[in-house]
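[1] Build me a model from this:
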Amino acid sequence: MNPLESLNEFLGNAEGWLWTWAGMPVVIVLGLYFTIRSKGVQFRMIPAMFGAITQKAQREHVGEGGARTERTKSLSAFQAFSISAAARVGTGNISGVAGAIFLGGPGAVLWMWVMCLLTGAASFIESTLAQLWKTRADDTYKGGPAFYIARGLGSRKFGLFFAILFIFCFAFAFTSLQANTIVDAFSGAVAVYTDPEALSWLPIVLGVLLAVLTGVIVFGGMRRVATVAQNMVPIMAAIYLLVGIVIVGMNLGEVPRVITQIVTEAFSPQAAIGGGFGAALVNGVQRGMLSNEAGMGSVPNVAATASVSHPVKQGLVQTFGVYFDTLLICSITAFIVLVAFPDVSVGGEGLMMVQQSLTDNLGGWAAILLAVIMFLLAFTSVLGNFSYGEANMHFITAKRGWHIAFGAAVVALVLIGSVIAVDLAWTIAGVSMVFIALVNLVVIALLAPTAFKLLRHYNDQRAQGLDPIFVSSDLPEIKNVEVWVGEDVSDYQDQRREDAEANS
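    Have a look, this model is predicted:
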C-alpha cells in the first residue's frame, strides 16, 4: 500500500470514528434539546413554512426623477430555498442513500427519516441566526456561521478560521468532487454503447464544458446563480419524482413488503455488510445529516441572502428544505432500490443498485436518464457550494479582486475534478465536514436562546393576526445587529399599513 492509500485509509477510519463517537451523540442530544426548547417548531409550524416560502423580496428604487425604476432587493425566500436545495440535493441523495442501504440494510432508511425530523429544529435555529446577523453586500445580503460566530459570540478570529475551513471543504473540495461525479456518470452511460477505452477524451471535453458553464453562471453574481437554481431545482426534483413514481407504480405489490422491511429491520436488521442494529442506526443517522445538511453550518450561508420581514421566516423555509431533501428525494431513492432488491446483498454497492433498478424497469436507455439526473444533481450542487463559499469570502474580505480569484478557483477545480482521481479528496472533505458540523452545532447551541427569543417575537405577532415584521429596536438586548433597521423592512411595514387601512 502506497503512502496516499495509507493516508486515505487512515482518514476514512478517522471519519467513521468521529461520526460514531462524536457526531452522533452531539447531533442526537442537541437535536432533542433544540426540539424541546422550541416546542417542536419543526412539527407545529409546518403550515407557516408554506406561507414563508412564498414571500417576495423587497423592491428598491434606482435612479432619479422620471428615470427611477424598481428592482428586487436581494433574493426572495424561494430563491434562497432553491439555492440551498441545489446544494443539499446532490449525488449523495442517490448513491449515498443506496450506499447506506447496502451497508446498513433497509432499516437505515427509518433512521434517516428520524434524523430528518429531529434535526429540523437545528436547521431552523442556524438559519434564523444567519438572518439575524447578516450584512449588506452589493447584490444581496451575506451571512452564515462565520458572521454569527463573530457577532453573536464576539470572536472574529474564530469566524475567520471557520470561513477558511468552510471554503476549503465545500467550495473547493466538494465542487471538484461533484464535477468528477458528473464525468463518471456520463462515461458510464456512454460505455454501455461503446468501448470504454475509446472514451479517454471524454473527461477532458466534459470538464471544459462544465468549467465554461460554471464560469458563465458564477461570474454573473448571486442573482444569476439564484435564477438558474430556482429554475433547475424544480425540474430536477420533478424528473426524479416522476421516475420514482413510475417504478413504484410498476412494483406496487412490493410496497407493503418494502415498508415492513424498513420498519422491522431498523431494530432487527439483516444488513448486507455491517449487520446488526448499530449498522442501520449509524448509516441512517450519518446519511440523514450528510444529505439534508441540517445543523452542519452550510445552508445558513444561503439562508442569510433572502429578503424577508422576519428572521424566523427563513428559519422555517430552510426547515422545510430538510423535509424536501430527505422525506422526498432520499425516500424516492430508497423505494427505487428496495422494490427491486428485497435482498440488498446481491444488488451491488451504492449506485449500481439504482442503475440496475432503472434498467430492469425502464430498459437500457435508463442508464442515460440516470446520467442526466446525476448531472442535474451534481451541477446544481456545484452552484450551491459556490454560493456557500462566496458568503464566507465576503466575511474574509469585500475586495472584488479576491472574489474574482475565488470564482476562478472554483471554475478551475471543476475542470481539475473532471479529469483526476479524487478518492483522497473525498476522504479529506468528509473529515473536514464532520469537524465543521460539530463546531457549528456547539455554536448554535450557545446562541439558541436568541433564536428562541425571535421565535416568541414572531409568534406574538401572529397571535395578533399580523404578518410578523422584525426591527432591531424591538429586541434591543440583541447586540451587533447591522441589518433590520427601518429601511430593511420598509416595504413590509407599508404593506401592513395598507392592509390595515383596507380592512378598516
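[2] Burial check on Gly486, number of neighbours?
    10 (other CB atoms under 10 Å). Quick note: C-beta positions are derived from backbone N, CA and C, even for glycine.
[3] repeat for the one 4 residues further on
    Summarising burial for Ser490: neighbours were counted as other CB under 10 Å, giving 14.
[4] Any figure for the gap between it and Arg497?
    Using CB to CB, to the nearest Å, one obtains 11 Å as the distance from Ser490 to Arg497.
[5] Ok, Asn93 next?
    Relative to Arg497, and taking CB to CB, Asn93 is found at 44 Å.
[6] What of Lys453?
    Computed with CB to CB, the distance linking Lys453 and Arg497 is 26 Å.
[7] So which of the two has more stuff around it?
    The neighbour comparison of Lys453 against Arg497 (other CB under 10 Å) goes to Lys453, with 14 against 9.
[8] residues touching that one, list them.
    Contacts were defined as CB atoms under 8 Å, 6 or more residues apart in numbering; by that measure Lys453 touches Leu475, Ile478.
[9] name the element it belongs to?
    For Lys453, the element it lies in under DSSP states H and E is helix 423-463.
[10] same deal with Ala80?
    Using DSSP H and E, Ala80 falls within helix 77-88.
[11] If you drop the residues flanking it in sequence, what lies closest to Ala48?
    Leu316 (5.5 Å; CB to CB, 6 or more residues apart in numbering).
[12] immediately after the strand or helix carrying the one you found, which helix or strand?
    Following DSSP H and E, one finds Leu316 within helix 311-323. Scanning the chain past helix 311-323 towards its C-terminal end, the next helix or strand to appear is helix 331-340 (assignment: DSSP H and E).
[13] which helices and strands sit right next to that following helix?
    Contacting helix 331-340 under the criterion 3 or more CB pairs under 8 Å, 6 or more residues apart in numbering; DSSP states H and E are the following elements: helix 95-104, helix 107-132, helix 222-250, helix 255-264, helix 351-362.
[14] Dump the ones you listed into TSV; add distance to Val337 and mean pLDDT as well.
    What follows is the helices and strands packed on helix 331-340, written out as TSV (distance: least, CB to CB, whole Å; pLDDT from 0 to 100):
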stretch	distance to Val337	mean pLDDT
helix 95-104	5	77
helix 107-132	9	91
helix 222-250	10	79
helix 255-264	9	88
helix 351-362	5	80
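[15] Go through those helices and pick out the most buried.
    helix 107-132 (a mean of 28; mean count of other CB atoms under 10 Å).
[16] List the contacts of the helix holding Ala80.
    Defining contact as CB under 8 Å, 6+ apart, one finds that helix 77-88 is touched by 52-55, 57, 75, 225-227, 229-230, 232-234, 237, 291-293, 298-299, 302-303, 305-306, 308, 313-314, 317-318, 320-321, 324-325, 380-381, 383-385, 387-388.
[17] try stretch 146-156
    By CB under 8 Å, 6+ apart, the list of residues contacting stretch 146-156 reads 129-130, 132-135, 158-160, 162-163, 166, 300, 304, 391-392, 395, 443-444, 446-447, 450, 479-482.
[18] got it, and stretch 386-401?
    The contact list for stretch 386-401 (CB under 8 Å, 6+ apart) reads 83, 87, 135, 137, 142-144, 146-147, 150, 159-160, 162-164, 166-167, 170-172, 175, 214, 218, 222, 225, 298, 301-302, 304-305, 402-403, 406-407, 410.
[19] I'd guessed Val255 sits against Gly249; true?
    No: if you go by CB atoms under 8 Å, Val255 and Gly249 don't touch, sitting 9.5 Å apart.
[20] Counting neighbours, what do you get for Val89?
    Neighbouring residues of Val89 were enumerated by other CB under 10 Å; the total is 28.
[21] Just the buried subset of the contacts of helix 77-88, please.
    The neighbour-count criterion (16 or more other CB atoms under 10 Å) marks 52-53, 55, 57, 75, 225-226, 229-230, 232-233, 237, 291-293, 298-299, 302-303, 305-306, 308, 313-314, 317-318, 320-321, 324-325, 380-381, 383-385, 387-388 among the contacts of helix 77-88 as buried.
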